[in-house]
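[1] have a look at this prediction, sequence included:
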Amino acid sequence: MRSTGREDDLLAEEARRIFRAEMERRGYTFKQLAERLAENTDGEAEEVQALINKVSRGRFTFAFFIRAMRAMGVTVVGISPVDLA
């Protein structure tokens, strides 16, 4: 099956929603998350605005997602089955 890009857009939106939900659930602001990421990655700072942009687009690597979830103390993330057709 040939990709139209629609599936990627839907998955990016789902990634954004999951990320934001975990932030809200734990009461994190982007500034606080940027500080935690810097603490947990040997000072590799993520600018707050860059973090906002990255999450808003929903286009980030899975490695970044894991790093951010760990920084917030997330150990389990639920993903619902979705029909992309």
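    Now that the structure is in, tell me what you want to look at.

[2] what packs against the longest helix seen in the chain?
    For the chain, the longest helix by residue count, based on DSSP state H, is helix 6-26. Applying 3 or more C-beta pairs under 8 Å, 6 or more residues apart in numbering; DSSP states H and E, we find helix 6-26 packed against helix 48-57, helix 62-72. (C-beta placed from N, C-alpha, C; glycine too.)

[3] buried residues, the first one. List them.
    Spelled out, it's helix 48-57. 51, 54-55 (16 or more other C-beta atoms under 10 Å).

[4] mind listing what residue 36 touches?
    28, 71-72 (C-beta atoms under 8 Å, 6 or more residues apart in numbering).

[5] mind redoing it with 10 Å?
    By C-beta atoms under 10 Å, 6 or more residues apart in numbering, the residues touching residue 36 are 28, 46, 67-68, 70-73.

[6] of those residues, which is the most crowded?
    residue 68 (24 neighbours; other C-beta atoms under 10 Å).

[7] I'd assumed residue 26 was in contact with residue 32.
    Yes - Residue 32 lies in contact with residue 26 (C-beta atoms under 10 Å); the separation is 9.3 Å.
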